[in-house]
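Colleague: With the input below, show me the fold.
(4 chains)
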There are 2 protein chains.
Amino acid sequence: MSDYKKKLSVPLECGLHLFMVVVNGKWKISLIWCIHSGFKRPSELQRKIPKASRRVLDVQLNQLIGHGIIRKITYDELPLKVEYELTPLGQTLIPVIASTAQWGEDHRGELEVLLR
Amino acid sequence: MSDYKKKLSVPLECGLHLFMVVVNGKWKISLIWCIHSGFKRPSELQRKIPKASRRVLDVQLNQLIGHGIIRKITYDELPLKVEYELTPLGQTLIPVIASTAQWGEDHRGELEVLLR
DNA sequence: TTAGATACGGATAAATTTATCCGTAATTGG
DNA sequence: CCAATTACGGATAAATTTATCCGTATCTAA
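Modeller: Prediction:
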């Protein structure tokens, strides 16, 4: 699917950039949070995040898998059933995401005037 | 400079996306961290972040100003002197950035195998 | 047997971000 | 005067990300 190599490398010296690489992507945090909240099936995720097309969610889910944040479980039963779950690494991300989300909420007032 | 309006809107419901809007940009976190660490002048920042061109740093500095994270001080003296400093809002970002950076450091080993 | 649900991915267009190149202007030190 | 330093920004190219459109396949229920 993607043996594509970036030409413009991202600086990774700092731990912060490692975080950024993992969560960058318009819908990734929503996906991580949904999965963490118990919405695990692809169709559920699409319904929870209706502004994103099905295709984009698929692509970003696969990137999260590639980065070791989530895992895909394909049930060998009919009708088709697939679920995603956080890996142990993915779970360690939850409190970090929560703290950045808290920052956003704490400053929503100031930020909303500044952004657009 | 930029009265450009995005056509693809970013979801802002969640506090986390507010954080992302502010720190997204390849060099922004480096810039915030440098300024926080006392490297305030444009030429210092360029020397500290040599992989980024002068132009890109300028653009991203201006975006940070627009988002209320840093402030520009132009000294009315010769030779020319300009400094950036964190706003109060920008300062609240420091512990959050530190926690995401800590996450990256804590998992650098796992991550480096996964990210290419 | 037809519609709607499940699920997946290639190909391409559009949007956005980042990089490169160009130019300006003033000052300092040789 | 000339080169190096300070500082800033427009215009465009290149890279990357996101969106849209197309197609596949199987199963269930009406």
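
Colleague: got the contact list for the residue sitting nearest the centre point of chain A?
Modeller: Central residue check for chain A by Cα atoms, centre = their mean: the C-alpha nearest the mean position is that of A:Lys28, 2.5 Å away. Residues counted as contacts of A:Lys28 (Cβ atoms under 8 Å, 6 or more residues apart in numbering or on different chains) are A:22, A:60, A:63-64. From N, CA and C alone the C-beta is placed, and that goes for glycine too.

Colleague: Keep only those of those that are also close to DNA strand D.
Modeller: Residues of these in contact with DNA strand D (Cβ under 7 Å from any atom of the strand): A:Gln60.

Colleague: Is any residue of the lengthiest helix in chain A near chain B?
Modeller: For chain A, the helix with the greatest residue count under DSSP state H is helix A:88-106. Yes: Helix A:88-106 reaches chain B (Cβ under 8 Å from any Cβ of the partner chain) through A:89, A:92-93, A:96-97, A:99-106.

Colleague: Between helix B:88-106 and that helix, find me the angle.
Modeller: Interaxial angle, helix A:88-106 versus helix B:88-106 (axes from the mean of the first three to the mean of the last three Cα atoms, to 10 degrees): 180 degrees.

Colleague: thinking again about what came up before, please indicate which of the residues of helix A:88-106 next to chain B are buried?
Modeller: Those of the residues of helix A:88-106 next to chain B that meet the buried threshold are A:89, A:93, A:96-97, A:99-101, A:103-104, by 16 or more other Cβ atoms under 10 Å in any protein chain shown.
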